[in-house]
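K.L.:
Curious how this folds, go ahead:
(one chain, ligands or ions: 1)
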Amino acid sequence: MQHIIKSWVKYFIIVGVFGLCMNLIYLALPIYMMVIYDKVLFSFSTASLSTLAAGIMISLVIVALIDYFRARVLGQTGNNLAQRMMPYVFKSMQADAAGIKRSGYTRGLLDLELLRDAFARGHILNFLDLPWVLVYLAVLYLIHPLLGFVSIGGVFLITLFQLLLKRIETKRYTVADVTFHAGADFAGNCLRHAQLISGMRMFSAAMEQYRIRYEKTLAARSEADAFHSAFGAVIRLLQMAVMTAVFTAGAFVFFSHGITQGGIFAGVMIIARLFYPFERSLLNMKTAVEAVAAYKRLKQFVNTRESNPKLSLPAPEGRVSAEAVSLSLDARTVLYNISLALEPGETLGVFGPSASGKTCLCKVLLGIWPPLTGKVRLDGAELSHWPEEELGQYLGYMPQTPELFPGTVAENISRFEVMDSEKIVKAAQKAGVHEMILKLPQGYETRIDQTGKNLAAGPRQLISLARALYGDPKFVVLDEPHTHLDDLGLRMVLTALKHLKQENVTTVMVSDRPNLIVNMDKLLMIKEGQTAMYGPAKEVLNQLANNKQSQQAAGV
Ligand SMILES: Nc1ncnc2c1ncn2[C@@H]1O[C@H](COP(=O)(O)OP(=O)(O)OP(=O)(O)O)[C@@H](O)[C@H]1O
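P.N.:
This is a model prediction of the structure:
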């Protein structure tokens, strides 16, 4: 990520140069004061006064313009940065969520927005102006050393207070944020289980639980806000005190003719201006702290390293093999040494008791989860050796839970690729859902809403089946494709299997329905993550029948 930030250094230099010009021009104002008080007032020259006033007005307009452009450059930098970072953040979060060791970091895009916002809304500008405080202090010293010393002392005192108080304030806001997120997580869980809550009329109890959390948040926030107000008042008091001290010191020096009246006013003006970035930084400190925290999280979780491009491989025929594959999840082995080999167009039915590892095997066969040991190959090449995007077109996956995305039915079937009506309809026909889709309110243009659940589970599952068959896949994995289907739906799955066979597509299907797997070429029975039986369907079915007979004979 640092290399991306580094590539924006030139913009920071531009912003720095703008800042230099602005702050130098700002110094014209105290000089104007000095000249007016020390020279013009006593010369009674209206011409000089008007010329100087016009000059200072022009300077102020220039400052305003530079200020505007500086903010725009920074805003654009923020937008460009976010634009460049977004694909990395999105991909990293996807990879994390699909992976085995999930970090649970799901707020990458939110963090990126926080970072962009800190740039775009110019919050960091005040921090960039902070070094100018040193220049202003030097000018005060040049006006008179005593003014310089008083200012340095004052600024030191204020900085000390500011850092100390901010530290306490940040801690209080952090407590409030943690409490808020705990409440928000609870509310999110309630929404996810809304039907359960509604079914058992748990609404009041759930709300009460949220209320308890929310009140804790409000109490913590109120405490932090009270501290924030007190903190602001103390800092402003200190600022006024330092300004008064500078003015008084100037007056003392004036008594001994060490400074002119103009010098005193210029000094007060500079010290007032000096506090501006302080005041603004204080106001924006929370945003800045959040932006820095967001940057740190992004740096930790987001992988911005481009992997070396993988060599493109010829289109596969669909030869799939798993060689002694094991898988471990949460430090627990869930698959042990599973081996299988499928020739192009061969079909494999996977069955076994619940939680035996069937879905895990599907994920390993598709390369969603890398095996702990062993290898999965497609046409001889390990899955990890295939270029990701290229591989996708040869694979089809229908997960156990039919998840659809917000978008039209057509977009869902086409996997959000460039729309190709012919391919979409063909996939739907292969899945046997073309007629069903035509009967939907807007046919292929029917929109799936944000929840993806405005269609019943059955149609969703069939659309998910069509999506798995979209394009020209060579290897298709169907994980219990019938879970939500009636007899008609089951017939559609059988039709889809027939099409897959005709098109020589290697297919793995998890199912416990004998009528679905009986016609597969091979069968694999998994028990507790291990191969219990594997081989040609006939042999496995015979073995099953024999086992059953021997069990009956033994009276088990
Ligand atoms: N993401 C995960 N993290 C940790 N353990 C998991 C995860 N997914 C599955 N498991 C565990 O792996 C084991 C096998 O799960 P899997 O879902 O593959 O079983 P299954 O045979 O498909 O079951 P079912 O027929 O009920 O769908 C189970 O013990 C399950 O708890």
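
K.L.:
where in this structure is pLDDT low?
P.N.:
1-2, 282-283, 306, 452, 555-556 (pLDDT under 70).

K.L.:
can you list the residues of it near the ligand?
P.N.:
Within the chain, the positions near the ligand by C-beta under 6 Å from any ligand atom are 329-330, 334, 352, 354-360. C-beta coordinates here come from the backbone N, C-alpha and C atoms, glycine included.

K.L.:
Now Ala241: closest residue in space, sequence neighbours ignored.
P.N.:
In space, and not counting its chain neighbours, Ala241 is closest to Gly154: 7.5 Å by C-beta to C-beta, 6 or more residues apart in numbering.

K.L.:
What about that neighbour, how many residues nearby?
P.N.:
Neighbourhood size, Gly154 [other C-beta atoms under 10 Å]: 22.

K.L.:
Let me see the contact set for the closest residue to the ligand within the stretch 1-150 of the chain.
P.N.:
The ligand sits closest to Ile100 of the stretch 1-150 of the chain, with a gap of 7.4 Å, by C-beta to the nearest ligand atom. Shown in contact with Ile100 (C-beta atoms under 8 Å, 6 or more residues apart in numbering): 327-329, 369-370.

K.L.:
Let me know whether my guess that it is in a strand holds.
P.N.:
No. With DSSP: H, G, I helix; E, B strand; the rest coil as the criterion, Ile100 is located in coil rather than a strand.

K.L.:
Can you give me the buried ones in stretch 381-389?
P.N.:
By neighbour count on 16 or more other C-beta atoms under 10 Å, the buried set for stretch 381-389 is 381, 383, 386.

K.L.:
now those residues in TSV, with secondary structure and distance to Ala138?
P.N.:
Shown next, in TSV, are the buried residues of stretch 381-389 (DSSP: H, G, I helix; E, B strand; the rest coil; distance: C-beta to C-beta, whole Å):
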residue	secondary structure	distance to Ala138
Ala381	strand	67
Leu383	helix	64
Trp386	coil	63
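
K.L.:
Enumerate every residue touching Val155.
P.N.:
Going by C-beta under 8 Å, 6+ apart, Val155 touches 133, 137, 242, 274.

K.L.:
Narrow these to just the buried residues.
P.N.:
Members of those classed as buried by 16+ other C-beta under 10 Å are 133, 137, 242, 274.

K.L.:
what distance separates the helix or strand hosting Leu327 from the centre of its chain?
P.N.:
Assigned by DSSP states H and E, Leu327 falls within strand 320-329. Relative to the chain's own centre, strand 320-329 is displaced by 31 Å; criterion: C-alpha atoms, centre = their mean, to the nearest Å.

K.L.:
Pull up the pairing partners for the next helix or strand after that strand, direction included.
P.N.:
Using DSSP H and E, the helix or strand that follows strand 320-329 in sequence is strand 332-342. Looking at strand 332-342 with DSSP bridges, its partner strands are strand 320-329 (antiparallel).

K.L.:
residues in contact with the strand it pairs with?
P.N.:
With contacts defined as C-beta under 8 Å, 6+ apart, strand 320-329 is touched by 100, 333-342, 357, 360-361, 364-365, 369, 371-378, 475, 506, 508, 529.

K.L.:
and what of stretch 197-211?
P.N.:
The contact list for stretch 197-211 (C-beta under 8 Å, 6+ apart) reads 183, 186-187, 190, 196.

K.L.:
now swap in stretch 157-172 and tell me
P.N.:
220, 223-224, 227-228, 231, 234-235, 238-239, 242, 275, 278, 282, 285-286, 289.

K.L.:
which residues does the residue nearest to Leu378 when sequence neighbours are not counted contact?
P.N.:
Distances taken as C-beta to C-beta, 6+ apart place Pro316 nearest to Leu378, at 5.2 Å, with adjacent residues excluded. Applying C-beta under 8 Å, 6+ apart, we find Pro316 in contact with 378-379, 381, 394, 474-475.

K.L.:
Let's see that with 6 Å instead.
P.N.:
By C-beta atoms under 6 Å, 6 or more residues apart in numbering, the contact set of Pro316 is 378-379, 394, 474.

K.L.:
Let me have these in JSON lines, extended by distance to Pro481 and neighbour count.
P.N.:
Below are these laid out as JSON lines (distance: C-beta to C-beta, whole Å; neighbours: other C-beta atoms under 10 Å):
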{"residue": "Leu378", "distance to Pro481": "21", "neighbour count": "25"}
{"residue": "Asp379", "distance to Pro481": "25", "neighbour count": "18"}
{"residue": "Tyr394", "distance to Pro481": "19", "neighbour count": "22"}
{"residue": "Lys474", "distance to Pro481": "18", "neighbour count": "23"}
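
K.L.:
Could you check which helix or strand contains Met170?
P.N.:
Careful, residue 170 is Thr; it's not Met. Assessed by DSSP H and E, Thr170 sits inside helix 145-192.

K.L.:
related to what we said a few turns ago, now, the buried ones among the contacts of Val155 that are in helices?
P.N.:
The helices, defined by DSSP state H, take in 133, 137, 242, 274 from those.

K.L.:
Could I get the buried ones among the contacts of Val155 in a markdown table, plus columns for distance to Pro536?
P.N.:
Shown next, in a markdown table, are the buried ones among the contacts of Val155 (distance: C-beta to C-beta, whole Å):
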| residue | distance to Pro536 |
| --- | --- |
| Val133 | 82 |
| Leu137 | 87 |
| Val242 | 90 |
| Leu274 | 86 |
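
K.L.:
Can you list the buried residues in stretch 276-287?
P.N.:
Using 16+ other C-beta under 10 Å as the test for burial, stretch 276-287 gives 277-278, 280-282, 284-286.

K.L.:
Hmm, I typed the wrong one, I wanted stretch 487-494.
P.N.:
Under the neighbour-count criterion of 16+ other C-beta under 10 Å, stretch 487-494 has 489, 492-493 buried.

K.L.:
And the contacts of that stretch?
P.N.:
By C-beta under 6 Å, 6+ apart, the residues outside stretch 487-494 that reach it are 432, 458, 481-482.

K.L.:
Dump that stretch to CSV, keeping only the CA atoms.
P.N.:
Output in CSV follows, covering the C-alpha atoms of stretch 487-494 (Å, rounded to 0.1, in the frame of the first residue of the first chain):
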residue,chain,number,x,y,z
ASP,A,487,-40.7,-33.0,-8.0
LEU,A,488,-40.7,-30.7,-11.0
GLY,A,489,-37.6,-29.0,-9.8
LEU,A,490,-35.9,-32.4,-9.4
ARG,A,491,-36.8,-33.3,-13.0
MET,A,492,-35.1,-30.0,-14.0
VAL,A,493,-31.9,-31.1,-12.2
LEU,A,494,-32.1,-34.4,-14.0
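
K.L.:
Mind giving me the packing neighbours of the strand or helix carrying Gln83?
P.N.:
Assessed by DSSP H and E, Gln83 sits inside helix 46-98. In terms of contacts (3 or more C-beta pairs under 6 Å, 6 or more residues apart in numbering; DSSP states H and E), helix 46-98 is packed against helix 9-26, helix 108-120.

K.L.:
The same query, at a cut-off of 10 Å, please.
P.N.:
Other helices and strands packing on helix 46-98, by 3 or more C-beta pairs under 10 Å, 6 or more residues apart in numbering; DSSP states H and E, are helix 2-6, helix 9-26, helix 28-35, helix 108-120, helix 125-129, helix 261-301.
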